[in-house]
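K.L.:
What follows is a predicted structure for the sequence shown.
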Amino acid sequence: MRSKSGNNQLTESKPKRSTGRTYSRSALNKTPSGKREIKPQIASKDRKIVLFNKPFDVLCQFTDDADRKTLAEFIPIKEVYAAGRLDRDSEGLLLLTNCGKLQNTLTAPDKKTNKTYWAQVEGEPTSESIKDLCNGVELKDGLTLPANVKIIDEPTIWTRNPPVRERKAIPTTWLSITINEGKNRQVRRMTAHIGHPTLRLIRYSIGNYTLDDINCGEYKVIKGVVDA
């Protein structure tokens with residue numbers, strides 16, 4: 001920007017804000033020749049998957065500046081990273097792995113990996129409402145893809161802490177909802193769209209991996225994953 005007086009001198013620019021880094025970002029992961037270092041692919045025998053049954057009110061990360069509960073309180077395994085996320089107020093299956101290729105396979109939108117959720121919703125959805133969810137509903141960020149939705153019996157699961165706030169005069173219904181996309185808080189917005197807010201949300205499966213035989217707050221490790 002030139003000064004108002006019309007001269008050719010540039011106005012004095014503000015000093016750049018310091019990020020606090022003591023290194024150059026461009027120098028990271030580069031060899032002395034200046035080329036970016038390519039990490040070797042993890043051998044099949046060294047690949048691992050951690051299946052974690054995430055409790056309510058736990059963040060899907062290992063650190064937090066606000067001192068909230070994180071994965072570090074439950075999983076002591078190093079160099080594994082979450083394949084996808086699960087909201088703090090949702091429960092159930094979180095998959096972590098040390099294999100970037102597998103992580104991408106499970107999370108990339110074009111891979112269409114199925115994820116099944118158990119949702120406890122307020123009220124009793126009609127068959128027409130269930131059909132709407134199956135065909136796709138229009139949310140603010142677009143039409144949802146066709147889903148597999150059905151009413152199920154209340155699953156045999158752990159008690160949530162704190163418990164769900166239910167209204168005595170209003171019944172609740174459990175739904176099994178299988179989707180293969182990942183819009184933000186999608187299941188909750190889908191059930192709200194048909195007038196039945198989600199009270200409790202549990203992810204039961206991701207692809208072929210499930211919560212079976214994993215207690216709340218516990219995990220299972222699968223080693224030597226061949227297919228990624």
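P.N.:
Structure received. On a predicted model such as this, the values are computed, not experimentally measured, just so you know. Residues are numbered from 1 along each chain as shown.
K.L.:
contacting residues for the spatially most central residue of the chain?
P.N.:
Residue closest to the mean C-alpha point of the chain, counted by CA atoms, centre = their mean, is Arg85 at 1.4 Å. Arg85 makes contact with 60, 94, according to CB atoms under 8 Å, 6 or more residues apart in numbering. C-beta here means a position set from N, CA and C on the backbone, and glycine is covered the same way.
K.L.:
I'd like the distance between it and Asn184.
P.N.:
Distance of Arg85 to Asn184, given as CB to CB, to the nearest Å: 10 Å.
K.L.:
Can you report how many residues neighbour Leu94?
P.N.:
Residues within reach of Leu94, counting by other CB atoms under 10 Å, total 24.
K.L.:
Could you say which helix or strand holds it?
P.N.:
According to DSSP states H and E, Leu94 maps onto strand 91-97.
K.L.:
Likewise for Gly84?
P.N.:
In this structure, Gly84 is located outside every helix and strand according to DSSP H and E.
K.L.:
doesn't Gly182 make contact with it?
P.N.:
Yes. Assessed by CB atoms under 8 Å, Gly84 is found in contact with Gly182 at 6.8 Å.
K.L.:
Now for those two: what residues contact both?
P.N.:
Residues touching both Gly84 and Gly182 by CB under 8 Å, 6+ apart: 107, 115.
K.L.:
Give me the more crowded residue out of those two.
P.N.:
Taking other CB under 10 Å, Gly84 and Gly182 do not tie; Gly84 has more neighbours (17 against 13).
K.L.:
Report the contact partners of the more buried one.
P.N.:
Contact analysis of Gly84 by CB under 8 Å, 6+ apart lists 94-95, 106-107, 115, 182, 206.
K.L.:
Next, the residue nearest to Ile157 when sequence neighbours are not counted: secondary structure please.
P.N.:
Nearest non-adjacent residue to Ile157, counting by CB to CB, 6 or more residues apart in numbering: Ile202, 6.7 Å away. The three-state label given to Ile202 by DSSP: H, G, I helix; E, B strand; the rest coil is strand.
K.L.:
same for the strand holding Leu94, what does it pack against?
P.N.:
Using 3 or more CB pairs under 8 Å, 6 or more residues apart in numbering; DSSP states H and E as the contact test, the elements touching strand 91-97 are strand 48-54, strand 81-82, strand 198-206, strand 209-210.
K.L.:
Show me which of these has the highest average neighbour count.
P.N.:
Mean neighbours per residue, mean count of other CB atoms under 10 Å, is largest over the helices and strands packed on strand 91-97 for strand 48-54, with a mean of 23.
K.L.:
where along this protein do the helices fall?
P.N.:
100-107, 127-135, 186-193 (DSSP state H).
K.L.:
mind listing the strands for this structure?
P.N.:
48-54, 81-82, 91-97, 115-122, 138-139, 142-143, 148-152, 172-179, 198-206, 209-210, 219-223 (DSSP state E).
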